[in-house]
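Novice: Here is a sequence together with a model predicted from it:
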Amino acid sequence: MPWFRSLRERRLWIAFVGAVVVLLAALYPLQFVLDALRTRNLLRFAIGGVFLSAAILAAVALARRRAPLRAWLVLTLFVTVYAGLALAMEVPQERLHLVEYGALVLLGRAALAESAAVRALSGRVSSVDVWALGAATAIGWLDEAIQGILPNRIYDLRDVAFNALAAALALGFAAVLRKVMRTSPGCGKEPAER
């Protein structure tokens, strides 16, 4: 029995596993990069660039689907909430959790949804979002556990909770966007809810 039943399912799972590997493999060297940026007073600028890139990618995705005004309003609210959370954080590099775990959970959700669809598991998989959030939370805990054994990082249980919060926020906004896109006539084709 093959592991994957569609090319899309295979690509999504490879992308998700690849993202997890990159996230965990970067834990040690990333601290050196962040320290170098901080000493050159570029850390806030670099993190702002990451947030701007994420917002642009989201806007491009909406534009490609010919999203209605309501979807753009949801995206604007999403960006505002994320910006507010990021600006409220005292430690600049902690802001990266919002983007990292937001993107990770959405990629995981897409892979889970595709697997449920191609395997006709929609009756047995009650909530892809719950499974995606659980996976992102477990990966966030593993991330912190690895940091606890690295010489240049520390374990912080608050970061585990923040990773889960970042994932939950991304899932919540994505669910609202899917609903807006489904209920808006004339917008681009949206994959069926899974």
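Specialist: Thanks, I have it. Residues are numbered from 1 along each chain as shown.

Novice: Contacts only, for Asp159.
Specialist: 94, 97, 140, 143-144 (C-beta atoms under 8 Å, 6 or more residues apart in numbering). Any C-beta I mention is one placed from the backbone N, CA and C, and that applies to glycine too.

Novice: Of all the residues in the longest helix along the chain, which ones are buried?
Specialist: For the chain, the longest helix by residue count, based on DSSP state H, is helix 157-182. Residues 159-160, 162-171, 173-174, 176-178, 180-181 are the ones in helix 157-182 that count as buried (16 or more other C-beta atoms under 10 Å).

Novice: will you turn the contacts of Asp159 into CSV that also has pLDDT, distance to Ala111 and neighbour count?
Specialist: Formatted as CSV, the contacts of Asp159 follow (pLDDT from 0 to 100; distance: C-beta to C-beta, whole Å; neighbours: other C-beta atoms under 10 Å):
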residue, pLDDT, distance to Ala111, neighbour count
Glu94, 86, 27, 15
His97, 90, 21, 21
Gly140, 95, 17, 25
Asp143, 95, 19, 23
Glu144, 94, 23, 21
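
Novice: out of the residues you listed, who's nearest Ala116?
Specialist: Gly140 (22.7 Å; C-beta to C-beta).

Novice: Can you give me every residue that contacts the closest one?
Specialist: The contact partners of Gly140, taken as C-beta under 8 Å, 6+ apart, are 101, 159-160, 163-164, 167.

Novice: nearest to Glu9, of those residues?
Specialist: Distance to Glu9, by C-beta to C-beta, is smallest for Ala167 among the contacts of Gly140, at 21.3 Å.

Novice: Now for that closest one: which residues touch it?
Specialist: Ala167 touches 101-102, 104-105, 132-133, 136-137, 140, counting by C-beta under 8 Å, 6+ apart.

Novice: Which of those residues fall in helices?
Specialist: Using DSSP H, the contacts of Ala167 in helices are 101-102, 104-105, 132-133, 136-137, 140.

Novice: Farthest pair within the contacts of Gly140?
Specialist: The distance between the two most remote of the contacts of Gly140 (C-beta to C-beta) is 12.5 Å, for Asp159 and Ala167.

Novice: Quick one: residues in contact with the helix or strand containing Ile14.
Specialist: In this assignment (DSSP states H and E), Ile14 forms part of helix 7-25. Applying C-beta under 8 Å, 6+ apart, the set of residues contacting helix 7-25 from outside is 3-4, 100, 103-104, 107-108, 110-111, 114-115, 118, 139, 142-143, 146.

Novice: Understood, closing this out.
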